[in-house]
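**Student:** prediction below, plus the sequence it came from.
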Amino acid sequence: YNDRNINVLDSAVTPTEPANIKIVRQEIMAFAAGLIVSVSILFLVFYFDRSVKTSEQVESQLHLPVIGKIHMIDAEKERLKRRQRALALKAKKETKDDGSAENAEDNEETFEEISEEDLSSELILKNNPKSIISEDFRTVRTSLDFSLVGKNNNSLVLTSTAPNEGKSFVSANLAIAFANTGKKVLLVDADMRLGRQHEIFELSNQAGLSNLLVETAGDRLRKYVQKTDIENLSVVTRGVTPPNPAELIDSKQMEKFIATVKSKYDYVIIDSAPVYNLADSLIISKKADRTMIVCRVNKTNIDHVKDGLKSLQAIDANVAGVILNQIPLEKRTGYYNQYYL
């Protein structure tokens with residue numbers, strides 16, 4: 001092409017890289033920056049998350065053994081509901097295949113064994129003795145059997161660092177676990193502020209531990225001990241909330257009460273108030289033979305447990321170990337999942 005009115009200012013240069021390389025670089029840099037930010041956030045969350053996670057963490061930081069691990073009750077309820085649906089489908093299938101009403105009735109009976117009331121109850125060992133959580137409690141019982149031997153060594157306090165960590169749930173089912181061995185068990189609700197064993201076992205709370213401790217005459221024990229529908233298991237509820245729980249627990253009457261029930265029962269399980277910022281558990285732990293701390297996984301603050309443990313050790317309480325509560329069910333091994341399904 002020849003045109004004298006056109007002049008070439010610069011010669012064309014052959015590109016050495018694709019035209020869109022800058023866009024690619026920008027995308028890579030943006031991805032890397034996003035990845036760094038995400039990892040940093042995860043690190044900060046993990047770093048500042050002081051909740052109890054694993055038995056290894058407890059044993060290394062608290063220098064206490066983990067006596068037992070109780071898995072998540074909500075996940076167990078869901079597993080039982082799946083079992084209900086499976087049994088119902090099985091019953092329908094067998095009826096359809098052979099037309100036999102007898103097989104259907106057998107399966108319907110099995111299906112009805114787990115009612116909505118059973119699913120809502122916290123008494124897992126009573127209503128679902130073959131469940132994974134029931135096996136957890138039997139394992140804890142076996143671990144404690146070796147240390148709670150004899151009338152002078154048969155009282156156990158269960159406490160936590162804060163409300164809603166599961167100590168009452170654990171106390172109730174552990175008491176059932178011991179009662180199922182044929183031993184006489186007394187469950188004492190010593191959480192006079194928020195105790196709820198009367199709700200768990202559906203018992204009257206008009207007269208309980210607080211009332212017993214202020215009474216000065218008569219056959220006090222028989223009046224306040226309530227039998228449950230579980231063989232070998234009796235309960236003393238917390239009673240009316242007093243204005244001075246710590247003073248009642250620190251009284252001579254409390255010492256006499258513990259001495260009396262230890263002589264009358266094979267095991268005495270005491271559901272105490274949370275140890276963090278309350279004197280109640282410190283007082284009662286000194287009067288009992290063993291103390292266990294219930295920690296809820298992903299909720300209990302490990303630093304609060306350390307503080308509570310220091311307080312217990314300062315009064316020479318015999319802290320036997322820790323029970324981890326509400327462990328996610330999916331962490332259970334495949335063997336147990338298959339066996340109990």
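**Tutor:** Received, thanks.
**Student:** hey, let's count contacts and neighbours off CA atoms from now on
**Tutor:** Will do.
**Student:** quick one: contacts for Val322?
**Tutor:** Applying CA atoms under 8 Å, 6 or more residues apart in numbering, one finds that Val322 lies in contact with Val58, Leu64, Pro65, Val66, Ile67, Gly68, Met292, Ile293, Val294, Cys295.
**Student:** again, but for Asp271
**Tutor:** Val157, Leu158, Thr159, Lys167, Ser168, Ser171, Leu187, Val188, Asp189, Ala190, Asp191, Gly195.
**Student:** how about Thr159?
**Tutor:** Thr159 is in contact with Lys167, Asp271, Ser272, Ala273, Pro274, Val275, Ser281, Thr291, Met292, Ile293, Val294, counting by CA under 8 Å, 6+ apart.
**Student:** so what's the residue count around the first one?
**Tutor:** Just to be clear, that refers to Lys167. Other residues near Lys167 number 26, with proximity taken as other CA atoms under 10 Å.
**Student:** again, but for His304
**Tutor:** 18.
**Student:** and it, its phi and psi?
**Tutor:** phi -70, psi -40 (degrees, to the nearest 10).
**Student:** separation between the residue nearest to it when sequence neighbours are not counted and Leu125?
**Tutor:** Among residues not flanking His304 along the chain, Thr161 sits closest, at 6.4 Å (CA to CA, 6 or more residues apart in numbering). Distance check for Thr161 against Leu125: by CA to CA, to the nearest Å, it reads 25 Å.
**Student:** more neighbours: those two, which one.
**Tutor:** Neighbour count, other CA under 10 Å: between Thr161 and Leu125, Thr161 has more, with 27 against 23.
**Student:** now the contacts of Val322: which count as buried?
**Tutor:** Among these, those classed as buried by 16 or more other CA atoms under 10 Å are Val58, Leu64, Pro65, Val66, Ile67, Gly68, Met292, Ile293, Val294, Cys295.
**Student:** I figured the second one hits Asn318, correct?
**Tutor:** No - when contacts are counted by CA atoms under 8 Å, Leu64 is not listed as touching Asn318 (11.4 Å).
**Student:** so Glu135 sits in a strand?
**Tutor:** No - under DSSP: H, G, I helix; E, B strand; the rest coil, Glu135 sits outside any strand and is assigned helix.
**Student:** tell me the pLDDT at it?
**Tutor:** The predicted structure scores Glu135 at 93 on the pLDDT scale.
**Student:** not counting sequence-adjacent ones, nearest residue to it?
**Tutor:** Going by CA to CA, 6+ apart, Glu135 has Pro129 as its nearest residue, at 7.7 Å.
**Student:** pretty sure the one you found is in a strand, no?
**Tutor:** No - according to three-state DSSP, Pro129 belongs to no strand; its state is coil.
**Student:** tell me how many other residues crowd it.
**Tutor:** Around Pro129 there are 14 residues (other CA under 10 Å).
**Student:** how much space between it and Asp266?
**Tutor:** Relative to Asp266, and taking CA to CA, Pro129 is found at 22 Å.
**Student:** reformat the buried ones among the contacts of Val322 as JSON lines; add secondary structure and pLDDT.
**Tutor:** Compiled in JSON lines, the buried ones among the contacts of Val322 are given as follows (DSSP: H, G, I helix; E, B strand; the rest coil; pLDDT from 0 to 100):
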{"residue": "Val58", "secondary structure": "helix", "pLDDT": "89"}
{"residue": "Leu64", "secondary structure": "coil", "pLDDT": "92"}
{"residue": "Pro65", "secondary structure": "coil", "pLDDT": "93"}
{"residue": "Val66", "secondary structure": "strand", "pLDDT": "93"}
{"residue": "Ile67", "secondary structure": "strand", "pLDDT": "92"}
{"residue": "Gly68", "secondary structure": "strand", "pLDDT": "91"}
{"residue": "Met292", "secondary structure": "strand", "pLDDT": "94"}
{"residue": "Ile293", "secondary structure": "strand", "pLDDT": "95"}
{"residue": "Val294", "secondary structure": "strand", "pLDDT": "95"}
{"residue": "Cys295", "secondary structure": "strand", "pLDDT": "94"}
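**Student:** now those residues in a markdown table, with distance to Glu202?
**Tutor:** Putting these into a markdown table (distance: CA to CA, whole Å) gives the following:
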| residue | distance to Glu202 |
| --- | --- |
| Val58 | 34 |
| Leu64 | 34 |
| Pro65 | 33 |
| Val66 | 31 |
| Ile67 | 29 |
| Gly68 | 27 |
| Met292 | 25 |
| Ile293 | 25 |
| Val294 | 23 |
| Cys295 | 25 |
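**Student:** and Pro65, what is it in contact with?
**Tutor:** Val58, Glu59, Ala320, Gly321, Val322.
**Student:** before I go, just wanted to say thanks for your time.
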